[in-house]
Every structure is written in C-alpha cells, then in structure tokens.
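**Student:** coordinates only, sequence not included:
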C-alpha cells in the first residue's frame with residue numbers, strides 16, 4: 001500500500017507539490033503502521049524519532065545551505081521531516097528490539113527513502 005502512495009506522489013508531484021507531499025506523508029504513515037505490526041509500538045520509538053527529527057529539523061532550519069522561501073514551505077518541510085523521522089525511528093527501534101533479517105531490510109529501505117528525500 002505504501003509503495004502505491006509513493007508512486008502516486010511521484011506522479012502528481014510535478015503538477016501539485018502539496019498533493020504530492022500529502023501522498024508521501026500518507027505513504028510514510030502506512031509504513032509506520034506496517035512496521036508496528038512487525039514489532040508493537042513503544043515509547044522508545046517516539047524517543048528515537050524525536051532525536052532524528054531534532055537533528056534533521058535543526059539542519060533544515062539553521063543550515064545556510066538550505067534556503068526555504070516562505071513560511072508555508074518551511075512548515076511543510078518540518079511536518080514531512082516529522083513523519084519521515086517517525087518512519088526511521090520505528091525502523092531503528094524494530095532492529096534493536098527484535099533482530100531479524102526482515103527488520104534489518106526494513107531499516108535499510110527506510111534509510112534509502114530518507115536519502116531519496118534529501
């Protein structure tokens with residue numbers, strides 16, 4: 001299901017950036033839900049996601065190399081960063097809480113998604 005939302009997001013991103021971002025956000029939320037079926041959601045997931053969000057969000061807000069033109073775009077970037085951080089945080093937590101090839105594969109895929117978004 002997530003891949004479908006990612007594909008739709010890619011298709012419409014060129015026509016409507018807000019609709020594309022919305023599709024990507026829905027895709028990441030479905031990933032978090034799917035990851036929670038692998039290993040039940042726990043508070044540590046939120047802690048890891050918060051650390052990742054703080055690092056990436058600080059870079060977006062304060063790095064001179066990232067120029068965000070207006071407040072709406074900045075809010076969209078930070079909201080999307082929050083969702084992506086949740087995806088990565090859950091994937092990292094799953095690997096530490098239950099070591100398996102599936103959880104490691106999920107983590108690798110999540111990191112690749114993050115790198116594609118950068």
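**Tutor:** Yep, that arrived. All of these numbers come straight from a predicted model, not from anything done at the bench.
**Student:** please count neighbours and contacts with C-alpha atoms only from this point.
**Tutor:** Will do.
**Student:** please identify which helix or strand holds the most centrally placed residue in the chain.
**Tutor:** Per CA atoms, centre = their mean, the C-alpha nearest to the average position across the chain is that of residue 84, at 1.4 Å. Element membership for residue 84 (DSSP states H and E) is helix 71-97.
**Student:** on that earlier part again, give the contact list for the residue nearest to the centre of the chain.
**Tutor:** 28, 114 (CA atoms under 8 Å, 6 or more residues apart in numbering).
**Student:** returning to that earlier point: quick one: buried residues of the helix holding residue 84?
**Tutor:** Going by neighbour count (16 or more other CA atoms under 10 Å), the buried part of helix 71-97 is 77-95.
**Student:** any idea which helix or strand comes after that helix?
**Tutor:** Following helix 71-97 in sequence order, the next helix or strand is helix 101-117 (DSSP H and E).
**Student:** do I have it right that residue 89 meets residue 43?
**Tutor:** No. Counting by CA atoms under 8 Å, residue 89 does not reach residue 43; the two are 10.7 Å apart.
**Student:** about what we covered before: quick one: the residue nearest to the centre of the chain from residue 15, how far?
**Tutor:** 22 Å (CA to CA, to the nearest Å).
**Student:** same question, residue 86
**Tutor:** In terms of CA to CA, residue 86 sits 27 Å off from residue 15.
**Student:** what of residue 53?
**Tutor:** Taken as CA to CA, the span from residue 53 to residue 15 is 28 Å.
**Student:** who has more neighbours, these two?
**Tutor:** More crowded of residue 53 and residue 15, by other CA atoms under 10 Å: residue 53, with 23 against 10.
**Student:** residues in contact with the host helix or strand of that one: which ones?
**Tutor:** Per DSSP H and E: residue 53 is located in helix 43-62. Helix 43-62 is contacted from outside by 66, 78, 81-82, 85-90, 92-93, using CA under 8 Å, 6+ apart.
**Student:** quick one: which of those residues is nearest residue 30?
**Tutor:** residue 87 (9.3 Å; CA to CA).
**Student:** skip the chain neighbours and tell me the closest residue to the closest one.
**Tutor:** residue 32 (5.4 Å; CA to CA, 6 or more residues apart in numbering).
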